[in-house]
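*Asks:* just need the structure, nothing else, for what follows:
(one chain, ligands or ions: 1)
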Amino acid sequence: MTINPSFPIEAYATLTLANQADSSFSTLRQAMAQQAREHELQIREDTDTALCVEVASFGQLRITAQENGFSVYISAALPDRLFMLKDGFSENLEQLLPEAAKALRWSDSATQASLPPNLHFTTVQSITPIGTAFLRVRINGEDLSSFQDDAIHFRLVLPPAGCGEPVWPSLSENGTTVWPKGENALHRPVYTTRWIDRQAGLMDFDIFLHDGGRATEWVRSASVGEVLAIAGPGGGGIPQVSHILLFADETAFPAAARILASLPADSQGQATLVAAEGEACGYPISAPKGVQLTWRVRRDASDLAERALSARAAQPAHCFWFASEKSDVTPVRQAIKASPPAAGTSYIAAYWSKP
Ligand SMILES: Cc1cc2nc3c(=O)[nH]c(=O)nc-3n(C[C@H](O)[C@H](O)[C@H](O)COP(=O)(O)OP(=O)(O)OC[C@H]3O[C@@H](n4cnc5c(N)ncnc54)[C@H](O)[C@@H]3O)c2cc1C
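*Replies:* Coordinates of the predicted model:
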């Protein structure tokens with residue numbers, strides 16, 4: 001196997017299937033290829049006997065048919081990214097070929113820790129209001145080196161309110177993360193690294209306060225010195241572009257603020273920001289002079305998807321970045337299916353959904 005220099009860390013496994021090896025492999029290959037297309041991942045190879053998918057800056061995953069089963073080879077940029085790719089593959093296998101999943105053993109299993117390597121225990125350093133609708137949490141963690149600009153999201157891992165000693169996830173023999181269930185289930189909403197000092201092990205994230213939110217309840221009662229578990233990093237990164245069309249609601253302001261602040265000074269484009277009270281929410285966002293910032297009050301912004309699609313039609317070469325509530329996102333996704341963007345030129349994501 002040739003090692004890609006961008007992804008120097010590897011793990012592999014060979015699985016023997018008791019019967020119908022060909023059709024089982026084909027089921028797995030087709031399901032994984034479909035998922036890769038849905039997540040706009042690059043498919044590097046797709047034949048009857050092999051599938052290779054690349055997750056930008058994370059790594060590559062290749063499955064290959066063998067005489068009585070198949071092999072899987074994963075290479076990654078960093079150890080915790082290798083773990084996340086392995087974890088994702090194991091989860092998939094559990095859904096599609098549960099018997100094979102039980103028998104899965106990775107080549108690096110002897111070096112496995114008992115806790116998932118992407119679980120970090122941090123300490124709350126401060127909680128500060130940002131404008132009228134956010135609280136900014138600063139945390140301190142021992143090793144936040146993998147929280148790079150190409151993966152700016154992570155999950156809070158919140159034990160059930162009022163529980164005594166939390167039950168943390170563990171690793172099973174096949175390398176899958178086993179999350180506690182039932183009354184011990186952990187709440188795992190996704191958040192965005194707003195600022196990070198990797199050397200000092202400090203990170204900020206901003207929680208948009210909304211009624212009924214368990215993260216909102218957590219942050220309102222959290223105190224300095226409290227332990228907070230997070231899992232990550234994961235998700236999208238900061239696009240390396242100079243022309244952008246960006247659309248975001250409050251939940252995406254932290255990501256939007258980082259992206260706009262990272263643009264080159266001569267960038268061009270527009271950014272539309274939707275909040276309940278518009279600009280009065282006081283969330284600090286700035287952009288280069290050539291990127292027009294437009295604030296919109298939510299009750300007047302029901303045409304967000306339409307406006308975003310018109311802007312995209314007018315400026316098809318601009319990077320298109322859209323993150324908001326699911327009902328805003330669905331029509332954008334559907335419209336774009338007809339003219340799929342080149343890989344890496346767009347990001348369209350539902351950050352939350354109405355009940
Ligand atoms: C990639 C990504 C990055 C994200 N980054 C951030 C971030 O940096 N900051 C941030 O605040 N959020 C962010 N979000 C959104 C956040 O994960 C969701 O809002 C999540 O539901 C919050 O969890 P919760 O515990 O507050 O609510 P839950 O307890 O999970 O949900 C309770 C209720 O709240 C509703 N709800 C959820 N979000 C909202 C909302 N925004 N407004 C009104 N009602 C809501 C739900 O519909 C549900 O009915 C991000 C999401 C994604 C996918």
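
*Asks:* element containing Leu28?
*Replies:* Per DSSP states H and E: Leu28 is located in helix 21-38.

*Asks:* same for that helix, what does it pack against?
*Replies:* Packing partners of helix 21-38 (3 or more CB pairs under 8 Å, 6 or more residues apart in numbering; DSSP states H and E): strand 42-46, strand 50-55, strand 59-66, strand 69-76, helix 79-96. All C-beta spots, glycine's among them, are computed from the backbone N, C-alpha and C.

*Asks:* what angle sits between it and strand 69-76?
*Replies:* Angle, helix 21-38 to strand 69-76, by axes from the mean of the first three to the mean of the last three CA atoms, to 10 degrees: 30 degrees.

*Asks:* name the residues that touch helix 21-38?
*Replies:* With CB atoms under 8 Å, 6 or more residues apart in numbering as the contact definition, helix 21-38 has outside contacts at 17, 41-43, 46, 48, 50-51, 53, 61, 63, 65-70, 92-93, 96-97, 100.

*Asks:* list buried members of the residues you listed by neighbour count.
*Replies:* Buried by 16 or more other CB atoms under 10 Å: 17, 41, 50-51, 53, 61, 63, 65, 69-70, 92-93, 97, 100, out of the contacts of helix 21-38.

*Asks:* just flag the most distant two among these.
*Replies:* Greatest spacing in the buried ones among the contacts of helix 21-38, by CB to CB: Leu17 and Leu41 (25.2 Å).

*Asks:* name the nearest residue to the residue in the stretch 1-150 of the chain positioned nearest to the ligand, sequence neighbours excluded.
*Replies:* Of all residues in the stretch 1-150 of the chain, the one sitting closest to the ligand is Phe134 (7.0 Å; CB to the nearest ligand atom). Spatial nearest neighbour of Phe134, excluding adjacent residues (CB to CB, 6 or more residues apart in numbering): Asp206 at 4.7 Å.

*Asks:* and the helix or strand containing the one you found, C-alpha only, in PDB?
*Replies:* Per DSSP H and E, Asp206 falls inside strand 202-208. In PDB, the C-alpha atoms belonging to strand 202-208 read as follows (Å, rounded to 0.1, in the frame of the first residue of the first chain):
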ATOM      1  CA  LEU A 202      -7.100  27.800  25.500                       C
ATOM      2  CA  MET A 203     -10.300  27.800  23.300                       C
ATOM      3  CA  ASP A 204     -13.400  30.000  23.000                       C
ATOM      4  CA  PHE A 205     -16.800  29.000  21.700                       C
ATOM      5  CA  ASP A 206     -20.000  31.000  21.700                       C
ATOM      6  CA  ILE A 207     -23.400  29.600  22.700                       C
ATOM      7  CA  PHE A 208     -26.500  31.200  21.200                       C
END
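
*Asks:* so what secondary structure elements neighbour it?
*Replies:* Against strand 202-208 (3+ CB pairs under 8 Å, 6+ apart) you get strand 119-130, strand 134-141, strand 190-192, strand 195-197, helix 214-221, helix 253-262.

*Asks:* for stretch 291-304, buried residues please.
*Replies:* Under 16+ other CB under 10 Å, the buried positions of stretch 291-304 are Val291, Trp295, Arg296, Ala301, Leu304.

*Asks:* which residues are in contact with the last one?
*Replies:* I take that to be Leu304. Per CB under 8 Å, 6+ apart, neighbours of Leu304: Phe247, Thr272, Val274, Arg296, Ser324, Asp328.

*Asks:* ditto for the third one
*Replies:* The neighbours of Arg296, taking CB under 8 Å, 6+ apart as the test, are Thr272, Leu273, Val274, Ala275, Gly278, Leu304.

*Asks:* what of Arg44?
*Replies:* Arg44 neighbours (CB under 8 Å, 6+ apart): Cys52, Val53, Glu54, Gln60.
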